[in-house]
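Novice: Have a look at this fold, sequence not included:
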């Protein structure tokens, strides 16, 4: 992790109509830093990282991505700025979102050829290397629907990497996968982290976050409730809200019991 | 049998004319339909409104009335169209109204995630349309498009009402001259049935190929 800040989020607020998705969120991401964003669903984690590559606009605050200042409101940044951000920031989605009518190889080479104008031959060569890296080079000519979820997600990672991004956004990359397929995708992500890629990862895999992330951010109730070095945050959370959340995900059955006791203890007068 | 022999070639010629009109009007309707659908989805609010009303009018008015307005109605303001021209204009205008809706729903049915994935990769709007959305929308739309072509083919029968010599016109002529309406209308029916079966078959083949990835 270097000192260079590549994503700077300052007091960011996002609403859908009158519903607040998140408010007053501030976070700096440094080059080669791995930031895991965890928290209960509906906290605004996915929407936050979607603001970084401008899939979503935001309403208040400021956001700087790779030295580009993004403005609040629904007005898109200039074509060059948007293009620069989108090519330098890759994204992997919860539902893979591979292009089903294109083969695995075509999925990977489409953007390099169309956006970066890489010659087809070179794009194919590069794509095969990436597919090899995620262990799927022999599936290059298959259609995505013929593959397992874990394989599809690894293709999606290769597709994003083909643009040679500096930052990768992962939006719950393993939550649609069967448990036995989670490992292969996490392996691929871990390799990226080791290679020094800057990662922003929304996840429910606490163990993975603890091992791979430099920084863990816990979002709940539409704001960041805790952030810091991953071990510190996940092993000794300071706020009660963070403790309750972690207890619930790390030990679901026991935590519910505990909460009920707490609730009975405190709310006895009702 | 004598009657069949006598009228088979006028009906075949009529069928050929209908087929050419169908193909021509379908192609033009598809081109306009795609443009209008894009306008209705992504255009300026005024464009959206105009196209919306256009679709309502085409869907809301009886087909014959539309044809008569174009062929007879326009003469009142000095526009005299030949049956062929008027017929073609109407077929395209009518077809476009329906094609807009087929294309619009096809484009909308392509999952939002596909657009997001394309955006996240930096693909522009036009490339996203051409390489990602339209190929998938096309596969989704093929059954509706096949029905559309058959509908256009059947619509050509109405052109006989403005004096265009298509299958229906020839059959009607023969029915009046020979007092064998059953034979002649059955011949016309056979001609239409053969053509619509061929269209259906082609549509099915295309659909199989377009959805091979599923």
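Specialist: Received it, and whenever you're ready, just let me know what you need. Computed from a predicted model, the values in this text were never measured in an experiment.

Novice: near chain A, which residues of chain B?
Specialist: Selection of chain B residues close to chain A by C-beta under 8 Å from any C-beta of the partner chain yields B:111, B:113-114, B:116-124, B:127, B:131-132, B:135-136, B:139, B:212-214. In this view, the C-beta of every residue, glycine as well, is placed from N, C-alpha and C.

Novice: Filter these down to just the ones in helices.
Specialist: B:113-114, B:116-120, B:127, B:135-136, B:139 (DSSP state H).

Novice: hmm, which two among the residues you listed are most spread apart?
Specialist: B:120 and B:139 (22.9 Å; C-beta to C-beta).

Novice: which one of these two has more residues nearby?
Specialist: The neighbour comparison of residue B:120 against residue B:139 (other C-beta atoms under 10 Å in any protein chain shown) goes to residue B:120, with 26 against 21.

Novice: can I assume that one is in contact with residue A:86?
Specialist: Yes - the pair residue B:120 / residue A:86 is scored as a contact, 6.5 Å apart, by C-beta atoms under 8 Å.

Novice: which residues are common contacts for these two?
Specialist: By C-beta atoms under 8 Å, 6 or more residues apart in numbering or on different chains, residue B:120 and residue A:86 have these common neighbours: residue A:53.

Novice: so where's the longest helix in chain B?
Specialist: Longest helix in chain B, counting by DSSP H: helix B:2-42.

Novice: Show me what secondary structure element comes after that helix.
Specialist: helix B:45-60 (DSSP states H and E).

Novice: That following helix - contacts with which helices or strands?
Specialist: helix B:2-42, helix B:83-109 (3 or more C-beta pairs under 8 Å, 6 or more residues apart in numbering or on different chains; DSSP states H and E).

Novice: Those: lowest mean pLDDT?
Specialist: Mean pLDDT is lowest for helix B:2-42 among these, at a mean of 90.

Novice: now that helix and helix B:83-109, what's the angle there?
Specialist: Interaxial angle of helix B:2-42 relative to helix B:83-109 (axes from the mean of the first three to the mean of the last three C-alpha atoms, to 10 degrees): 50 degrees.

Novice: Can you spell out which helices and strands pack onto helix B:2-42?
Specialist: helix B:45-60, helix B:83-109, helix B:134-155, helix B:167-178, helix B:181-210.

Novice: and the residue lying closest to residue B:52 once chain neighbours are set aside, how many neighbours does it have?
Specialist: Nearest non-adjacent residue to residue B:52, counting by C-beta to C-beta, 6 or more residues apart in numbering or on different chains: residue B:40, 6.5 Å away. Other residues near residue B:40 number 21, with proximity taken as other C-beta under 10 Å.

Novice: Now do the same contact list for residue B:40.
Specialist: B:47-48, B:51-52, B:55, B:100, B:104.

Novice: any idea how far it is from chain A?
Specialist: Residue B:40 sits 21 Å away from chain A, going by C-beta to the nearest C-beta, to the nearest Å.

Novice: do residue B:49 as well
Specialist: 21 Å.

Novice: wait, what's in contact with the residue nearest the centre of chain A?
Specialist: Taking C-alpha atoms, centre = their mean, the centroid of chain A lies closest to residue A:170, which sits 2.5 Å from it. Residue A:170 makes contact with A:49, A:91-92, A:189, A:199-203, according to C-beta under 8 Å, 6+ apart.

Novice: Am I right that it falls within a strand?
Specialist: Yes - counting by DSSP: H, G, I helix; E, B strand; the rest coil, residue A:170 is part of a strand.

Novice: still on that earlier bit, and the gap between the residue nearest to residue B:52 and residue B:47?
Specialist: Distance, residue B:40 to residue B:47, by C-beta to C-beta, to the nearest Å: 8 Å.

Novice: Is the nearest residue to residue A:8 once chain neighbours are set aside in a helix, a strand, or coil?
Specialist: Leaving aside its chain neighbours, residue A:8 sits nearest to residue A:64 (4.2 Å; criterion: C-beta to C-beta, 6+ apart). The three-state label given to residue A:64 by three-state DSSP is strand.

Novice: Run through the bridge partners of residue A:64.
Specialist: Going by DSSP bridges, residue A:64 is paired in beta bridges with residue A:8, residue A:69.

Novice: the helices in chain A, which residues?
Specialist: Counting by DSSP H, the helices of chain A are A:45-52, A:79-88, A:104-114, A:120-133, A:149-161, A:179-194, A:206-212, A:230-235, A:240-250, A:252-266.
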